[in-house]
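Undergrad: Sequence and predicted structure, then a few things I'm wondering about:
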Amino acid sequence: TSPHPSDIISKIEKELATPPEEVAINLILTGNGAKRYHFVKSILSSSYPELDEEEIDKYLLRSGVERELERIAHIWNQK
């Protein structure tokens with residue numbers, strides 16, 4: 001069964017009370033995920049040659065996080 005919404009909110013509130021200053025991510029993409037990532041990264045590298053590989057990786061991660069926040073907000077506002 002899914003957790004009760006009040007339990008989810010309580011857990012989120014606890015997590016948000018002590019956010020980390022830094023998060024290290026070691027990620028391995030395979031298959032279609034790796035192909036999509038490589039495709040988008042190649043486009044960004046060609047379009048923005050002033051950005052290095054790490055900056056592009058950070059941008060892609062941040063954009064994914066922002067997209068998920070928008071989805072969550074949309075779902076939350078429907079309830």
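TA: Nice, I can see it. Numbers count the residues shown, from 1 in each chain.
Undergrad: Which pLDDT value does the model give the most centrally placed residue in the chain?
TA: For the chain, Val65 is the residue whose C-alpha lies nearest the centre (Cα atoms, centre = their mean; 2.8 Å). The model reports Val65 with a pLDDT of 94.
Undergrad: Run through the strands of this structure in chain order.
TA: Per DSSP state E, the chain carries no strands over any range.
Undergrad: Show me which helix runs longest in it.
TA: helix 53-78 (DSSP state H).
Undergrad: buried residues in that helix?
TA: 56-57 (16 or more other Cβ atoms under 10 Å). Yep, even glycine has a C-beta here, placed from its N, CA and C like the rest.
Undergrad: who touches the helix or strand bottoming out on mean pLDDT in the chain?
TA: Least confident helix or strand of the chain, by mean pLDDT, DSSP states H and E, is helix 5-17 with a mean of 89. Helix 5-17 is contacted from outside by Pro3, using Cβ atoms under 8 Å, 6 or more residues apart in numbering.
Undergrad: Output that helix as PDB, nothing but the C-alphas.
TA: Included here for helix 5-17 are C-alpha records, laid out as PDB according to Å, rounded to 0.1, in the frame of the first residue of the first chain:
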ATOM      1  CA  PRO A   5      -0.200  11.700   2.400                       C
ATOM      2  CA  SER A   6       0.200  13.100   5.900                       C
ATOM      3  CA  ASP A   7       3.100  10.600   6.400                       C
ATOM      4  CA  ILE A   8       4.700  11.800   3.200                       C
ATOM      5  CA  ILE A   9       4.300  15.400   4.200                       C
ATOM      6  CA  SER A  10       5.800  14.800   7.600                       C
ATOM      7  CA  LYS A  11       8.800  13.000   6.200                       C
ATOM      8  CA  ILE A  12       9.400  15.800   3.600                       C
ATOM      9  CA  GLU A  13       9.200  18.400   6.300                       C
ATOM     10  CA  LYS A  14      11.900  16.600   8.300                       C
ATOM     11  CA  GLU A  15      14.100  16.300   5.200                       C
ATOM     12  CA  LEU A  16      13.700  19.900   4.300                       C
ATOM     13  CA  ALA A  17      14.700  21.000   7.900                       C
END
